[in-house]
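Undergrad: let's see this in three dimensions:
(4 chains)
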Number of protein chains: 2
Amino acid sequence: MTDSLDPVWKALSDPTRRAILDALRDGPRTTTELVELFPALSRFAVMKHMDVLREAGLLRTRAEGRKRINSLNVVPIRQIYEHWVSPYADLWASKLLRLKRDVEGTDDAGN
Amino acid sequence: MTDSLDPVWKALSDPTRRAILDALRDGPRTTTELVELFPALSRFAVMKHMDVLREAGLLRTRAEGRKRINSLNVVPIRQIYEHWVSPYADLWASKLLRLKRDVEGTDDAGN
DNA sequence: TAATTACGTTACTATTTAGTCACCTATTGA
DNA sequence: TCAATAGGTGACTAAATAGTAACGTAATTA
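TA: Next up, the predicted model:
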């Protein structure tokens, strides 16, 4: 089990960082725009969160003069899906199937 | 954006806990069996991780005499998928579509 | 040109988390 | 019955993390 996704998992574990990513779903934003989404936090705190996202590969930042335009990179989330959610979703589906069988009493001998 | 999934995200942020869940994909295991998967950790450390998973709803434990049988609950993972991965996967698909358009120069005026 | 705006970095603090230890209860098997 | 087994909890420590403050650079605007 490869764990190069660990930084992604860690990045997604924080609600502020998830909110940042959610905001970026609608399109790129400047750093200031993201900072303003969290009036309860200082800009340094928000930027620190952005650093974590950037290091996890979830955020891309390009300079436009003195502005920084930040955009979402969905590839790591796709990887999370492929390596984690999809196998478990399969399990969920097969669990459902087994539950259906149990209810209907089709597979009573094997259990 | 509901964030009752925060404990789930936090639980999944740790590689040991992900490994525990991965082990449980093959079927329920006793606490000792899970502890033995991590010889570098004490049993208290492993059990503490299991506590986090249990509180996040990812792990179910039932008593069987002095044994504890632990099994995986895939529902929170399904919820992660529904609330987080699926919307982003949609975005990923539409990003691909837009990229394809850009490459083929079909939508040059709108950009 | 100088002031304002946009953002970066380092050092520090407080809180949270991961891990260990000491002590314990409950169940099973000899 | 008693020893061994299976597991639990609270207290403690060290490391990681979330947040703030101080100081700074670079670009834009008046």
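Undergrad: so which bits of chain A are right by DNA strand C?
TA: Neighbours of DNA strand C within chain A, by C-beta under 7 Å from any atom of the strand: A:30-32, A:35, A:43-44, A:47, A:50-51, A:61, A:66-68. For glycine as for every other residue, the C-beta is placed from the backbone atoms N, C-alpha and C.
Undergrad: so, low pLDDT: which residues of chain A?
TA: Across chain A, the ranges flagged by pLDDT under 70 are A:1-3, A:89-90, A:92-111.
Undergrad: returning to that earlier point: neighbour-wise, which one of the residues of chain A next to DNA strand C leads?
TA: Within those, neighbour counts (other C-beta atoms under 10 Å in any protein chain shown) peak at A:Met50, which reaches 21 neighbours.
Undergrad: what about the residues of chain A next to DNA strand C, which are in strands?
TA: Per DSSP state E, strands hold the following members of the residues of chain A next to DNA strand C: A:Thr30, A:Thr61, A:Lys67, A:Arg68.
Undergrad: now do the strands in chain A.
TA: A:29-30, A:59-64, A:67-72.
Undergrad: sorry, back to before: nearest to DNA strand C, of the residues of chain A next to DNA strand C?
TA: DNA strand C lies nearest to A:Thr32 out of the residues of chain A next to DNA strand C, by C-beta to the nearest atom of the strand, at 2.8 Å.
Undergrad: what's near enough to touch the closest one?
TA: A:Arg43, A:Lys67 (C-beta atoms under 8 Å, 6 or more residues apart in numbering or on different chains).
Undergrad: what parts of chain A come near chain B?
TA: Contact residues, chain A versus chain B (C-beta under 8 Å from any C-beta of the partner chain): A:1, A:3, A:6, A:9-10, A:12-15, A:18-19, A:22, A:25, A:72, A:74-75, A:77-78, A:80-81, A:84-85, A:87-89, A:91-92, A:95.
Undergrad: which among those count as buried?
TA: A:9-10, A:12-14, A:18-19, A:72, A:74, A:77-78, A:80-81, A:84-85, A:88-89, A:91-92 (16 or more other C-beta atoms under 10 Å in any protein chain shown).
Undergrad: right, and A:Ala19 touches A:Ala40 too?
TA: No. Counting by C-beta atoms under 8 Å, A:Ala19 stays clear of A:Ala40, with 11.6 Å between them.
Undergrad: coming back round to it: quick one: the strands of chain A as a markdown table, columns for distance to DNA strand D too.
TA: Formatted as a markdown table, those follow (distance: least, C-beta to the nearest atom of the strand, whole Å):
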| stretch | distance to DNA strand D |
| --- | --- |
| strand A:29-30 | 12 |
| strand A:59-64 | 7 |
| strand A:67-72 | 7 |
